[in-house]
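Trainee: Okay, structure incoming, though there's no sequence with it:
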């Protein structure tokens, strides 16, 4: 059943002691540039460097004592993987991670740093899923889907809950949209904890499956997308699709160069490190300035795990 | 006369409304690495990207109404320049900036962005000073020295005052040391507002004039130093020398590679952007772990103005 307001409040209580209440930053120069009032929820400062720890912790900490779960497994482009390993390590549980061999080095090292075991796949959803199936069969691990899981969605919803506790009268929360965990969670938070705030999802034009899925009311698979936003490669799942379809204001798609420009703008003006998947939110603003003029908007900077030796403006 | 506690309190009142009360960050992974309790005062998030705005604002806002100052001038490797331009612009005053032609592009653009006029010099103190003298003679501008000025030192001292208001029982405040404005201001703040805290200054081995000056009790000039920490090229002035000499715990010098390693560590683990001159503080810790074990230490991350297309680990 779709998470209730109480489920999200309970999730927040469950994970509160293990996560950072991440700060909300502002930038007067970006406000001036667009003529709007922006707030940046800094999940790049979150434990393990991304919002993903919220869902992973909520899932692992929900395991009952009687369940005797000895290991978990997942497939992930990286941040969910590191988050699950971290969450599992807190409970003394082993984590098996299926990861595309193209994932950034820093994300691989993060998984290993938290004691996770990596199994590589091709960078397609099909290959990830079949590899994960093999791992689960071999190890007996409990599979924790990166987004198509209500415990995960509840956890990610706590980010929106914090935003709405900290900021009044928000017009929009803008989130990246990959598998839709953060976006669907934010939709639920806005629905339960605000009368006014609407959620906008953003994805790269080069990986616009969510945009097409919502437009046509059917889930399209994401087939070998090529985008710098390596956290946004996957398609929606049935659970996230259902929530987003019924609650999202709209989905915006943006070009690769704007993602790079937005990322550099955040680094230069705000002095914080965000990964390309985070920068899509500001990119959407830069490509749609009129839409946001005079509004009060919170952008979720979803993560900050970047390979510093491979920056897009140095290519 | 050396600034009193009241002078620093007054300076803080004067500038408070124009600066950020910058946050203090922590990093559990850096704490574990050294076995100490670290706090990072994020002056990289300060207005104009560095602590320098504190001294510049205190100076400009101290001008009496009767003084009719129409323009100011300074020489600076960059951050003081941008800060003075910003402060001057608030009062409708013109700013002339002498800057070494080797200063990072981003620092030149910052000065221009705040409406300052740049005059280039060679990257030596002698050339800076003679060029500034010419500018002052030609324009009648009031020369605002980047550090050898008590209004500047009072302003920089407000950073240490904030640290000591936010953190109890600190063993050390560690600051970079270039001309000594931040270090001398921190020494005064520790002297007046704490019974326990001692200040340690850090500079590159390649620009160790402050270390030698304090050791031998005489000011050595800084002659054409070559270090990645472009904010720490200058030698002490008589005013900063006097305060530092009488109050600093010690001065540590560190190697270039450690500065780069420390900078990368801050970017990767804390997801914030600091310039090399800020990273010398963590570099000193990395080279002297035993000295800091089990201590409670605040590192001042002095600035975040970096040319993102020229990162030291990509060379």
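Mentor: Nice, thanks for sending it over. All figures in this text were calculated on a predicted structure; none of them were measured in a lab.
Trainee: Pull the contacting residues for residue A:309.
Mentor: B:313-314 (Cβ atoms under 8 Å, 6 or more residues apart in numbering or on different chains). To be clear about C-beta, it is placed using only N, CA and C from the backbone, and glycine gets the same treatment.
Trainee: again, 6 Å this time
Mentor: Applying Cβ atoms under 6 Å, 6 or more residues apart in numbering or on different chains to residue A:309 gives the contacts residue B:313.
Trainee: Confirm that residue A:32 sits in a helix.
Mentor: Yes. Residue state for residue A:32 (DSSP: H, G, I helix; E, B strand; the rest coil) corresponds to a helix.
Trainee: count of residues packed around it?
Mentor: 9 (other Cβ atoms under 10 Å in any protein chain shown).
Trainee: Distance-wise, check it relative to residue B:135.
Mentor: 30 Å (Cβ to Cβ, to the nearest Å).
Trainee: now swap in residue A:248 and tell me
Mentor: From residue A:248 across to residue B:135, the span is 57 Å (Cβ to Cβ).
Trainee: just residue A:148 next, same as before
Mentor: 65 Å.
Trainee: Between the two, which is the more surrounded one?
Mentor: The residue with more neighbours, out of residue A:148 and residue B:135, is residue B:135; 22 against 18, by other Cβ under 10 Å.
Trainee: which residue ranges form the helices in chain A?
Mentor: According to DSSP state H, chain A carries its helices in the segments A:5-15, A:28-34, A:52-61, A:79-90, A:105-113, A:125-139, A:150-166, A:181-193, A:209-216, A:238-247, A:256-270, A:276-287, A:289-292.
Trainee: quick one: which of those has the weakest pLDDT on average?
Mentor: Looking over the helices of chain A, mean pLDDT reaches its minimum on helix A:105-113, with a mean of 85.
Trainee: What parts of chain A come near chain B?
Mentor: Residues of chain A lying near chain B by Cβ under 6 Å from any Cβ of the partner chain: A:44-45, A:267, A:271-273, A:304, A:308-309, A:313.
Trainee: what about 7 Å?
Mentor: Contact residues (Cβ under 7 Å from any Cβ of the partner chain) of chain A with chain B: A:23, A:44-45, A:49, A:264, A:267-268, A:271-273, A:304, A:308-309, A:313-314.
Trainee: Most proximal residue of the stretch 51-200 of chain A with respect to chain B?
Mentor: residue A:106 (7.4 Å; Cβ to the nearest Cβ).
Trainee: again with the stretch 1-150 of chain A
Mentor: For the stretch 1-150 of chain A, Cβ to the nearest Cβ, closest residue to chain B: residue A:44, 4.8 Å.
Trainee: Next, the closest residue to that residue other than its chain neighbours: phi, psi?
Mentor: Using Cβ to Cβ, 6 or more residues apart in numbering or on different chains and skipping residues adjacent in sequence, the residue nearest residue A:44 is residue A:304, 2.9 Å away. Main-chain dihedrals, residue A:304, degrees, to the nearest 10: phi -130, psi 30.
Trainee: What separation do you get for residue A:304 and residue B:48?
Mentor: From residue A:304 across to residue B:48, the span is 23 Å (Cβ to Cβ).
Trainee: how many other residues sit next to residue A:87?
Mentor: Residue A:87 has 29 nearby residues by other Cβ under 10 Å.
Trainee: sorry, back to before: which of the residues of chain A next to chain B are buried, as a ChimeraX select command?
Mentor: Typed into ChimeraX, the next command selects the buried ones out of the residues of chain A next to chain B (criterion: 16 or more other Cβ atoms under 10 Å in any protein chain shown):
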select /A:44,45,49,264,267,268,271,272,273,304
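Trainee: what's the lowest-pLDDT member of the residues of chain A next to chain B?
Mentor: residue A:314 (79).
Trainee: Ends of stretch A:284-304, what's the gap?
Mentor: 18 Å (Cα to Cα, to the nearest Å).
Trainee: For it, buried residues please.
Mentor: Buried residues in stretch A:284-304, counting neighbours by 16+ other Cβ under 10 Å, are found at A:284-287, A:291-292, A:296-304.
Trainee: before we move on, what about stretch A:18-30?
Mentor: A:18-19, A:22, A:24-25, A:27, A:30.
Trainee: Of those, which is the nearest to residue B:189?
Mentor: If you rank these by distance to residue B:189 using Cβ to Cβ, residue A:25 comes first, at 26.0 Å.
Trainee: can you pull the contacts of the closest one?
Mentor: By Cβ atoms under 7 Å, 6 or more residues apart in numbering or on different chains, residue A:25 lies in contact with A:40, A:42, A:270.
Trainee: what do you get for residue A:98?
Mentor: Applying Cβ under 7 Å, 6+ apart, the residues near residue A:98 are A:74-75, A:119, A:121, A:128, A:131-132, A:135.
Trainee: Most neighbours out of the residues you listed, which is it?
Mentor: residue A:74 (30 neighbours).
Trainee: Give the bridge partners for that residue, please.
Mentor: residue A:97 (DSSP bridges).
Trainee: Wait, it touches residue A:147, no?
Mentor: No. Counting by Cβ atoms under 7 Å, residue A:74 stays clear of residue A:147, with 10.2 Å between them.
Trainee: can you list residues touching both of these two?
Mentor: With Cβ under 7 Å, 6+ apart, residue A:74 and residue A:147 have no common neighbours.
Trainee: Could you break chain A into its assigned domains?
Mentor: A:5-47+A:153-314, A:53-143 (automatic domain parsing).
Trainee: got these as CSV, with distance to residue B:141 columns?
Mentor: Listed next are these as CSV, based on distance: least, Cβ to Cβ, whole Å:
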stretch, distance to residue B:141
domain A:5-47+A:153-314, 27
domain A:53-143, 48
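Trainee: Spatially nearest residue to residue A:96, not counting backbone neighbours?
Mentor: Nearest to residue A:96 is residue A:73, by Cβ to Cβ, 6+ apart, at 4.0 Å.
Trainee: Find me the pLDDT at that neighbour, would you?
Mentor: pLDDT, residue A:73: 96.
Trainee: thinking it is in contact with residue A:132, fair?
Mentor: Yes. With contact defined as Cβ under 7 Å, residue A:73 reaches residue A:132; the gap is 6.2 Å.
Trainee: Now for the two: what residues contact both?
Mentor: residue A:143.
Trainee: picking that back up, return the closest of the buried residues of stretch A:18-30 with respect to residue A:89.
Mentor: residue A:18 (11.3 Å).
Trainee: Going by neighbour count, which of the contacts of residue A:25 comes out on top?
Mentor: Using other Cβ under 10 Å as the neighbour test, the contacts of residue A:25 are led by residue A:40, with 25 neighbours.
Trainee: Let me know the pLDDT of that one.
Mentor: On pLDDT, residue A:40 comes in at 98.
Trainee: so it bridges to which residues?
Mentor: With DSSP bridges as the rule, residue A:40 is bridged to residue A:25, residue A:299.
Trainee: Quick check: it touching residue A:302?
Mentor: No. Residue A:40 is not in contact with residue A:302 according to Cβ under 7 Å; the separation is 10.9 Å.
Trainee: gap between the residue of the stretch 1-150 of chain A closest to chain B and residue A:271?
Mentor: In terms of Cβ to Cβ, residue A:44 sits 12 Å off from residue A:271.
Trainee: That concludes my questions; thank you for your assistance.
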